[in-house]
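>>> take this sequence and fold it.
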Amino acid sequence: MNQTLPSYKQTNATLFIANTSCNKRWLVFAAAVFLVSVPVFIEAPLVRSLPILSLLLTVFWLWLSIKLMSCSPTNSPTNSQTYIWGDLLFGFSWTWLTGSIYWGWLRFEPMWHLPIEAIGLPFALWGLAKNWGKIGNWFYLGSLSGTVVTDIYFYLVNLIPDWRQIMTSDPTLASQILQNALTKVQTPWGQSWAVILALLLMTLGVVPLVQKQSHWYAFSGAVLSTILVDSLFLIAATIA
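Numbering: from 1, shown residues only. Take a look at the predicted model:
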């Protein structure tokens with residue numbers, strides 16, 4: 001009996017640690033979804049009216065991320081809650097920076113979208129090569145992957161002219177332009193590619209979850225939230 005109790009306690013402790021780790025991974029996943037989807041509706045209006053302020057906010061996000069990472073315990077920094085959220089926020093800083101630059105000053109030219117969004121790519125790859133900032137870097141790569149797939153769809157369905165018109169025309173004409181774009185999306189060609197690329201995003205987002213590591217959950221959350229954001233924009237275009 002004396003030998004059974006320690007074994008029982010050890011089993012409970014192991015299960016508790018496993019459940020805690022699982023909950024932490026899903027929290028990272030949920031935070032990644034939030035950081036991709038919600039800021040779209042916050043940064044977008046801000047960057048149109050106050051692009052300089054939006055750009056300067058990047059400094060705040062960087063400061064906060066470094067602050068959170070530096071507050072972690074010295075014995076196990078990368079596993080602490082503060083480090084994890086600081087790490088994720090560091091990756092988010094790249095997406096905020098690139099969004100501020102493009103949508104603030106270069107939104108009239110779709111060809112500049114991917115090059116600007118990929119500004120942080122060399123730094124993210126460098127960080128992963130050094131085994132540093134895995135959660136934030138994989139979050140940024142997931143967000144960038146979703147952007148690439150979405151832009152590919154725009155090129156395949158010939159929505160680039162509509163993109164330019166929306167950005168350069170009078171806001172009162174936006175509804176008609178969106179309706180014209182929607183007719184292209186509703187064609188068999190547009191619908192077929194929508195399904196193919198949505199399945200690609202689903203695969204990219206779901207398969208990494210098998211790894212059961214926080215940085216893969218950050219990547220998956222960023223990728224899968226692309227489907228959510230694109231769906232919301234499609235609904236908005238339909239309503240318009």
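>>> which SS state does F108 fall under?
coil (DSSP: H, G, I helix; E, B strand; the rest coil).
>>> look up how far V148 lies from it.
20 Å (CB to CB, to the nearest Å). No exception for glycine: its C-beta is placed from N, CA and C like everyone else's.
>>> same deal with Q165?
Counting by CB to CB - Q165 and V148 are separated by 23 Å.
>>> which of F108 and V148 has more neighbours?
Per other CB atoms under 10 Å, whichever of F108 and V148 has more neighbours is V148, with 15 against 11.
>>> element containing the more buried one?
Element membership of V148 [criterion: DSSP states H and E] is helix 134-156.
>>> what comes up buried for that helix?
Within helix 134-156, the residues scored as buried using 16 or more other CB atoms under 10 Å are 134-147, 149-151, 153-154.
>>> what do you get for stretch 159-170?
Buried-residue list, stretch 159-170, by 16+ other CB under 10 Å: L159, D162, W163, R164, Q165, I166.
>>> and the nearest residue to I160 once chain neighbours are set aside, what is it in contact with?
Of all residues not flanking I160 in the chain, P110 sits nearest, at 5.0 Å (CB to CB, 6 or more residues apart in numbering). Taking CB atoms under 8 Å, 6 or more residues apart in numbering, we find P110 in contact with D151, F154, I160, W163, R164.
>>> residue contacts, the last one?
So the one you mean is R164. F108, E109, P110.
>>> turn the residues you listed into JSON lines, columns for pLDDT.
Output for those, formatted as JSON lines (pLDDT from 0 to 100):
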{"residue": "F108", "pLDDT": "91"}
{"residue": "E109", "pLDDT": "92"}
{"residue": "P110", "pLDDT": "94"}
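>>> dump the residues you listed into TSV; add distance to S37 as well.
Output for the contacts of R164, formatted as TSV (distance: CB to CB, whole Å):
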residue	distance to S37
F108	25
E109	25
P110	22
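>>> which of the residues you listed sits closest to K24?
Distances from K24 to those, taken as CB to CB, are shortest for P110 (38.4 Å).
>>> correct me, but L46 touches I52?
No: using CB atoms under 8 Å, L46 is not in contact with I52, being 10.5 Å away.
>>> so how far is the one helix or strand L234 maps to off the chain centroid?
Assigned by DSSP H and E, L234 falls within helix 214-239. Distance, stretch centre to chain centre, for helix 214-239: 8 Å (CA atoms, centre = their mean, to the nearest Å).
>>> how about stretch 232-240?
Distance, centroid of stretch 232-240 to centroid of chain: 21 Å (CA atoms, centre = their mean).
>>> restricting the selection to alpha carbons, write it to CSV.
Output of stretch 232-240 as CSV, limited to C-alpha atoms (Å, rounded to 0.1, in the frame of the first residue of the first chain):
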residue,chain,number,x,y,z
LEU,A,232,-15.7,37.5,-43.3
PHE,A,233,-14.6,39.6,-46.3
LEU,A,234,-16.6,37.5,-48.6
ILE,A,235,-19.7,37.9,-46.5
ALA,A,236,-19.1,41.7,-46.4
ALA,A,237,-18.8,41.8,-50.2
THR,A,238,-22.0,39.7,-50.6
ILE,A,239,-23.9,42.1,-48.3
ALA,A,240,-22.6,45.1,-50.1
